[in-house]
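Trainee: just a sequence and a predicted model for now, questions to come.
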Amino acid sequence: MSDTTTEPRATPEPEAAIPPGYDDGQDHIGLAHHTTTGLSNTKLAMWLFLGSECLLFGGLISTYMLYRNRQGDAIGPDQLWDIPFTSATSFILLMSSLTMVLAVSAAKRKDERGTRLWLTVTALLGGLFLAGQVYEFTVFYREGLGYTTSLFSSSFYTLTGFHGVHVAVGIIMLLSLVGMLAKGRIVGDKAETVEMVGLYWHFVDVVWIVIFTLVYLIPA
Amino acid sequence: MAIIERPTDSPALAGAGAAVVTPSSSYGYFRRPVQSSGWKSWVFTVDHKKIGIMYGVVAMVFFFIGGFEALLIRAQLAQADGTILSADKYNQMFTMHATTMVFLFVMPMAAAFANYMMPLQIGARDVAFPRLNALSLWTFVFGGIFINTSWFLGGAADGGWFMYAPNSSVPFSPTNGVDFWTLGLLMTGVASQVGAVNLIVTALNMRAPGMTLMRMPIFTWMALVVQFLLLFAIPIITVALFLLLFQRNFDATFFSVADGADPLLWQHLFWLFGHPEVYILVLPAFGIISEVLPTFSRKPLFGYPFVVFSGAAIGLVGFGVWAHHMFAAGLGPISVAVFSVATMAIAVPTGVKIINWTLTMWGGKLWFSTAMLFAVGLIVQFTIGGLSGVTHAVAPSDTQQTDTYYIVAHFHYVIFGGAVLGLFSGIYYWWPKVFGKMLNETWGRWNFWLMIIGMNLTFGPMHIIGLQGQPRRMYVWTENRAGEGFFNLGFWNLVSSVGAFLLGLGALLFLVNVWVSRKNPPAPADPWDARSLEWITTSPPKEHNFDRIPTVHALDEFFHRKYEDVGEDGQHDYKQVRTGEQVIENEEANAEAHIHLPSPSYWPIILSFGLLVICYGVIYSTLLVAAGAAIAILALFGWALEPPTADDSEFEPPSSDGGQPSKELAHV
């Protein structure tokens, strides 16, 4: 076996410590560790996931934009939209992003109570938005806009429905997070876990801004 | 899975088995699997190597199922007015042949290589998210089984792998086949999507010290590009699949032309996914042969940065050429012109690669092992397919060729001649790495030559058949339109069918080879005099991959540890200064004392199973959907509540002297 002193490149390190900049291959969420990019694995993964979500909503929004005026003789967007009402629910959803920021900031200050409080408020605001969406759908349905009524109705309900499901999943994550924080069952870095849910939540809000503009504000 | 303890003071023991400390089964919130052998150690594993092997085995099973379907198709077409398959069965057969080969063989086989090799090639002990990796595997396996059960539940999908809507809506395809197809592809889509996120994070974040991006082995680079393609292409087909699912099951109107729907909507969504998919299939094979060719030419890869950036360019431009699948749909002259030019442009980076491979071999000391034969086979066959591809980029010519066998000839030369030959090259190249045994080279040669002759006999005549005008997807052809002399359809169809059975025989020889080689003696640690990082460890690699995480100083790190440049006056002349075994021994002698690996988990397979139950439920019963959702939600919470890696304090060290287990970690 060759003597290590003659080895020109590989300099052996007798100490077995994990070298800096190296991740030891565990999917430890938020444990103190180093990665090649310096960004934690979970955060990088969340950004990648959100990147692909853009394409998902891109496809759904394109479908809606293609069909937004194709309702034949059936009821169309101009007869349906209640802009003041939807603006109000949109405002509520946007405010939930603010409370989410407050939750993340509290988590970074290790303010457990504040974190739980603001997460709960965020979930409540999200719930209010969802309630508004359900109410809106009910009104539209009564006015004659069923899921199968027209191309416009199918694509409208599918797009806003997908967004609604994303909000609902977000609410479940927020409430689970509150429960797990209360019981001390969060695995790894608490502040980062809160931040991850926050990234998702902000993304869902941003998508709604796009949907609200394209679907409701631009006249058909 | 375990904490591995090594002696810190006696390097002489290195290489001998290290003590493995398994955790007690009750740490975390729920009990966890602890088995390190038997079927449970495979089903609940999070080890990227075991997951890679399972990906490969399952993909191989689907390869033979898809091949069987292909043989039925060729048997039907061997002579005029074939009677082996009915029109309906024929439709199902070509749909499922393509679906199986694309989604259940080539993609997961590439995933098998990426899973197994990427962490080894970048010097990591596992992927970034081992449990997500297991989720990818099981979701793919269940999705593949789900699609194939449709054969026994009223008939498989019959709309072609592109499943054009509205042709795939209920009035035209009343069985559940299309629903099985839609839901099954949603499942394999979840698998690909999760895998993409996982492997991108792995490649970007978990590299060994010194492993800069431009020192990454080329296979890892190509796999990384593919994961980005998956990340952005899968959500698009997800949208299309959901629209089709809602159309068929909830009477949505997306594809109801009578209501004013645009029949091009599906085509655009599908091909926006479908064309990047082509590169998803072929780039991993490009990566594999870019490892194989330098090794067996005894030269570095010619123009490594060109190969990297042309791969990335293919990935990027691949998103801008989808409409060339729709030239016959009437898009208008501007669209056709733009996509025509873009398609010609994408041939440039592909041509760059072919030049690089050729120049890698130029002046090299060629060693024609089976792996090398497959790699060279890829260059030749893929070039033929690429050239016929450029003829499709010319829109007027494409209009003539659309829906004829000429197209079938083209894409089999690129998918079989490109992707499949490359994957086989990888199997032969890395078999000793993965299983610690060589495959038999004589059987390997038979395997290669029968496959290469078989594929040319099968797909070569399709150029002629197609230019003569025989349409695709027709379950019979008739004698009275078959033509005369050299261009007689009957003759070439027969040649093609005979070739297909020869190809099938060649593929079977691979299984024979595996059987024949099962008792081969252990392979040398470095049988090919290889160049990249995955060889700086034993074969098969230990559970923790590397005794010491290698520090990387150069591209082709393993080569540079074996060879030294003794050339003078700017001339390079590499002399071997130590063998691969010595390099590995040196690593073992400096083994790390304390290695902490991720722990196995029940939840990934349970979550995948929940998704499977949901999919059956969507077709058969709402109750089943609820049951599946309950399983999935339970699994999600179980997952979230369990730590990915057991804490040190939760391990019970083996008490060999019968003493009380202590909290201290074992020392050998």
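Mentor: Received, thanks.

Trainee: which residues of chain B fall in strands?
Mentor: With DSSP state E as the criterion, chain B has strands at B:3-5, B:19-21, B:563-565, B:574-576, B:594-596.

Trainee: what's the least confident stretch among the ones you listed?
Mentor: Here the lowest mean pLDDT among these goes to strand B:19-21, at a mean of 50.

Trainee: and the stretch 201-350 of chain B, which residues reach chain A?
Mentor: Residues of the stretch 201-350 of chain B lying close to chain A by Cβ under 8 Å from any Cβ of the partner chain are B:201, B:204-209, B:211, B:231-236, B:238-240, B:242-243, B:246, B:250-254, B:256, B:259-262, B:265, B:269. Bear in mind the C-beta positions are built from the backbone N, C-alpha and C, glycine included.

Trainee: among those, which lie within helices?
Mentor: Those of these mapping onto helices are B:201, B:204-205, B:231-236, B:238-240, B:242-243, B:246, B:265, B:269, per DSSP state H.

Trainee: just the buried residues of those.
Mentor: B:201, B:204-205, B:231-236, B:238-240, B:242-243, B:246, B:265, B:269 (16 or more other Cβ atoms under 10 Å in any protein chain shown).

Trainee: show me where chain B dips below the pLDDT cut-off.
Mentor: Scanning chain B for pLDDT under 70 picks out B:1-30, B:645-668.

Trainee: show me the residue at the heart of it, geometrically.
Mentor: Taking Cα atoms, centre = their mean, the centroid of chain B lies closest to B:Ala110, which sits 1.7 Å from it.

Trainee: hmm, it is touching B:Val226, no?
Mentor: Yes: at 6.8 Å, B:Ala110 and B:Val226 qualify as touching, with contact defined as Cβ atoms under 8 Å.

Trainee: list the residues that contact both of those two?
Mentor: Counting by Cβ atoms under 8 Å, 6 or more residues apart in numbering or on different chains, the shared contacts of B:Ala110 and B:Val226 are B:Ile280, B:Pro284.

Trainee: and the closest residue to B:Gln35 other than its chain neighbours, what is it in contact with?
Mentor: Spatial nearest neighbour of B:Gln35, excluding adjacent residues (Cβ to Cβ, 6 or more residues apart in numbering or on different chains): B:Ser41 at 4.7 Å. Counting by Cβ under 8 Å, 6+ apart, B:Ser41 touches B:Pro33, B:Gln35, B:Lys50, B:Pro600.

Trainee: what number of residues lie near the third one?
Mentor: When neighbours are counted by other Cβ atoms under 10 Å in any protein chain shown, B:Lys50 registers 21.

Trainee: repeat that for the second one.
Mentor: Neighbourhood size, B:Gln35 [other Cβ under 10 Å]: 16.

Trainee: mind listing what it touches?
Mentor: By Cβ under 8 Å, 6+ apart, the neighbours of B:Gln35 are B:Ser41, B:Phe44, B:Pro600.

Trainee: surely B:Phe142 meets B:Ser608?
Mentor: Yes: counting by Cβ under 8 Å, B:Ser608 is a contact partner of B:Phe142 at 5.2 Å.

Trainee: the more surrounded of the two?
Mentor: B:Ser608 (25 against 22).

Trainee: and the closest residue to that one other than its chain neighbours, what does it touch?
Mentor: In space, and not counting its chain neighbours, B:Ser608 is closest to B:Trp138: 3.6 Å by Cβ to Cβ, 6+ apart. Listed by Cβ under 8 Å, 6+ apart, the contact partners of B:Trp138 are B:Pro604, B:Ile605, B:Leu607, B:Ser608, B:Phe609.

Trainee: and the gap between the closest residue to chain A within the stretch 51-200 of chain B and B:His596?
Mentor: Per Cβ to the nearest Cβ, B:Arg125 is where the stretch 51-200 of chain B lies closest to chain A, at 3.0 Å. Here B:Arg125 is placed at a distance of 9 Å from B:His596 (Cβ to Cβ, to the nearest Å).

Trainee: between those two, which has more neighbouring residues?
Mentor: Between B:Arg125 and B:His596, B:Arg125 has the larger neighbour count (other Cβ under 10 Å), namely 27 against 20.

Trainee: chain center to stretch B:232-239: distance?
Mentor: 18 Å (Cα atoms, centre = their mean, to the nearest Å).

Trainee: and for stretch B:125-137?
Mentor: Averaging C-alpha positions (Cα atoms, centre = their mean) puts stretch B:125-137 16 Å from its chain's average.

Trainee: again with stretch B:475-488
Mentor: Distance, stretch centre to chain centre, for stretch B:475-488: 38 Å (Cα atoms, centre = their mean).

Trainee: tell me the buried residues in that stretch?
Mentor: Buried residues in stretch B:475-488, counted by 16+ other Cβ under 10 Å: B:Tyr475, B:Trp477, B:Ala482, B:Gly483.

Trainee: dump the residues you listed to a markdown table, plus distance to chain A.
Mentor: A markdown table is the format used below for the buried residues of stretch B:475-488 (distance: Cβ to the nearest Cβ, whole Å):
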| residue | distance to chain A |
| --- | --- |
| B:Tyr475 | 34 |
| B:Trp477 | 38 |
| B:Ala482 | 44 |
| B:Gly483 | 44 |
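
Trainee: out of the residues you listed, what pair is the most spread apart?
Mentor: The distance between the two most remote of those (Cβ to Cβ) is 19.6 Å, for B:Tyr475 and B:Gly483.

Trainee: circling back: tell me the one of the contacts of B:Ser41 nearest B:Val102?
Mentor: B:Val102 lies nearest to B:Lys50 out of these, by Cβ to Cβ, at 25.2 Å.

Trainee: the closest one and B:Pro522: what is the separation?
Mentor: Going from B:Lys50 to B:Pro522 by Cβ to Cβ gives 20 Å.

Trainee: same question, B:Pro643
Mentor: Plainly put, B:Pro643 is 37 Å away from B:Pro522 if you go by Cβ to Cβ.

Trainee: neighbour count for those two, which is higher?
Mentor: Counted by other Cβ under 10 Å, B:Pro643 and B:Pro522 do not tie: B:Pro643 has more neighbours, with 21 against 13.

Trainee: spatially nearest residue to the closest residue to chain A within the stretch 151-300 of chain B (excluding sequence neighbours)?
Mentor: Nearest residue of the stretch 151-300 of chain B to chain A: B:Val239, at 3.2 Å (Cβ to the nearest Cβ). Distance criterion Cβ to Cβ, 6+ apart; nearest residue to B:Val239, sequence neighbours excluded, is A:Gly59 at 3.2 Å.

Trainee: residues near the one you found, how many?
Mentor: By the measure other Cβ under 10 Å, the count of residues near A:Gly59 is 24.

Trainee: and the helix or strand that contains it, what does it pack against?
Mentor: Using DSSP states H and E, A:Gly59 maps to helix A:41-67. Packing partners of helix A:41-67 (3 or more Cβ pairs under 8 Å, 6 or more residues apart in numbering or on different chains; DSSP states H and E): helix A:151-183, helix A:190-211, helix B:177-205, helix B:218-249, helix B:264-297.
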